[in-house]
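1. coords please:
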Amino acid sequence: MTARSANTTDLNTTTLMFLHDYIQALLPTLGSPNNPSKACDTLPEDSRQAAQTSHSQPIAKPIPELLWAVENQQALSELRPLLANHHQKASAVNGDEEDVVHEAALFTLQELTMQPIPQRHQLACFWLPNLSAETLQQHIPLLMRYRDLYAAHMLVALDEALDLRAYGFTPLDLLEQTQLPITSSLPPARSEPSLTLWQFNLYDYKKLPNWLNSDYWANPENWDKHRW
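-> Residues are numbered from 1 along each chain as shown. As a prediction, the model looks like this:
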């Protein structure tokens with residue numbers, strides 16, 4: 001591994017850990033439609049008792065709220081220990097404080113493509129720092145599928161040269177402050193940032209028009225002007 005490639009790896013690892021902490025803080029602010037027990041807590045007392053009775057039989061394990069998707073098996077084998085080690089370090093720093101880490105499903109792009117019936121997640125994070133422009137185009141249908149159907153909130157980390165604005169995503173400045181570890185004496189491979197984080201939120205991607213409310217449901221400005 002050359003000095004420059006090692007430098008890029010350090011930066012990507014630091015960025016990944018920063019993104020992981022952001023996701024863990026973001027998830028509690030989102031809904032939890034995949035967890036039956038949480039959904040049951042919002043019901044009235046009589047409805048809750050009926051729901052608990054109807055679920056007296058063993059039920060399937062709730063689908064993880066969080067999805068991590070990476071480019072290939074090599075990236076997946078690298079991601080698992082990184083996330084596990086980061087969690088251990090965070091727990092050690094926090095001491096006795098409660099440290100909630102949300103369970104995540106980890107897949108490669110190919111595995112997601114081959115799923116006959118994809119699972120729906122509250123947040124899907126596609127960690128694709130080394131994805132080329134050509135490979136990105138091959139996986140655009142998969143990204144669009146999760147954008148529209150299988151994730152309420154979606155994050156995509158890509159090389160800064162790649163742009164997802166045409167697909168409805170907006171860039172976040174979350175990664176702009178990411179720096180190399182202090183222990184690294186190598187100069188950056190290129191000017192910061194090397195990655196761009198793109199987001200898509202299914203519930204606020206489109207600005208609500210002024211006319212889309214109960215006050216204008218019948219278009220009163222058109223009364224006596226047009227034949228309906």
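2. L16 reaches L82, doesn't it?
-> Yes - with contact taken as C-beta atoms under 8 Å, L16 and L82 are classed as touching, separated by 6.3 Å. Heads up, the C-betas are built off the backbone N, CA and C, glycines and all.
3. Of these two, which one has the most company?
-> The neighbour count for L16 versus L82, taken as other C-beta atoms under 10 Å, is higher for L16 (21 against 14).
4. lowest average confidence, helix or strand, in the chain?
-> Taking all helices and strands of the chain together, the one with the lowest average confidence (mean pLDDT, DSSP states H and E) is helix 36-40, at a mean of 42.
5. which stretches of this structure aren't confidently modelled?
-> For the chain, residues meeting the criterion pLDDT under 70 lie at 1-11, 31-63, 90-102, 175-193, 208, 211-220, 223, 226-228.
6. can you map out the strands along the chain?
-> With DSSP state E as the criterion, the chain has strands at 66-70, 104-108, 121-128, 151-159, 170-172, 195-201.
7. Distance to R145 and mean neighbour count added to the ones you listed, as CSV?
-> Compiled in CSV, the strands of the chain are given as follows (distance: least, C-beta to C-beta, whole Å; neighbours: other C-beta atoms under 10 Å):
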stretch, distance to R145, mean neighbour count
strand 66-70, 12, 24
strand 104-108, 13, 17
strand 121-128, 10, 23
strand 151-159, 9, 22
strand 170-172, 19, 14
strand 195-201, 12, 21
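8. Including distance to T135, could the ones you listed go into a markdown table?
-> As requested, the strands of the chain are exported to a markdown table (distance: least, C-beta to C-beta, whole Å):
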| stretch | distance to T135 |
| --- | --- |
| strand 66-70 | 12 |
| strand 104-108 | 12 |
| strand 121-128 | 9 |
| strand 151-159 | 11 |
| strand 170-172 | 20 |
| strand 195-201 | 16 |
